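> when you get a sec, could you give me coordinates for this:
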Amino acid sequence: MSDYSHDIAQICKNGHVITTCYSDKPAEHKNFCPSCGDATIIKCPSCEATIVGSFYKTFINRTSGNELLGIEPHTTLHKTFMNDIFIVPAYCHNCGEPYPWTSKFLKAADEMVDMFDDLTSEQKQTLKSTFPDLIIERPESQLAALRASKIINGLQEFGKDILVNLLSENVLPTLFTLMQLK
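Sure, this is the predicted structure:
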């Protein structure tokens, strides 16, 4: 018999992964992130659903005993973790609300855009509207990448490099490559 399930992830409020096997590896638990010092969470702050961690398959192994030799039958439980790559989720799987690291990125990106003097108000609004579509995969994501790329590549200010760096750390890699930011 086997069964598929997932463990719980522990992530700091800035998005640094502490462990993806919270239930299985208690020695890895940390109250605060060793990278940035922020508090860690295992549940969505909005709905309290646990953050989905590593997937695993559970195997139940039953051995038969041997009464003549005095060996009792016994059952052992084995877990085999299925995935090596963990992608930090942007939104809660249960309520759809952004996790703290997602909210922080969106706020920082919006504030950065407001500082660009060479953009019109309309360009600023257009650029800000692309950010939610750049961090997850949905039908609008490629269009958002094109819109953002056209505006960002037209920037002349020093802050452009900082914005591009922020995006490189938070935008889906496939979309960031598509944007061809200079």
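> residues contacting the host helix or strand of Gln125, please?
Using DSSP states H and E, Gln125 falls within helix 121-134. Identification of contacts with helix 121-134 by Cβ atoms under 8 Å, 6 or more residues apart in numbering yields 105-106, 109-110, 113-114, 116, 119, 140-141, 143-145, 147-148, 151-152, 167, 170-172, 175-176. For the C-beta atoms, the positions are set from N, CA and C on the backbone; glycine is no exception.
> quick check: buried residues in that helix?
Using 16 or more other Cβ atoms under 10 Å as the test for burial, helix 121-134 gives Gln123, Lys124, Thr126, Leu127, Lys128, Thr130, Phe131, Pro132, Asp133, Leu134.
> which element follows it toward the C-terminus?
Next along the chain after helix 121-134, taking DSSP H and E as the criterion, comes helix 141-153.
> could you say what helices and strands that next one packs with?
Other elements packing on helix 141-153 under the criterion 3 or more Cβ pairs under 8 Å, 6 or more residues apart in numbering; DSSP states H and E are helix 121-134, helix 159-170, helix 173-179.
> now do the buried residues in it.
Applying 16+ other Cβ under 10 Å to helix 141-153 flags Ser141, Gln142, Ala144, Ala145, Arg147, Ala148, Ser149, Ile151, Ile152 as buried.
> repeat for stretch 167-179
Within stretch 167-179, the residues scored as buried using 16+ other Cβ under 10 Å are Leu167, Asn170, Val171, Leu172, Leu175, Phe176, Leu178, Met179.
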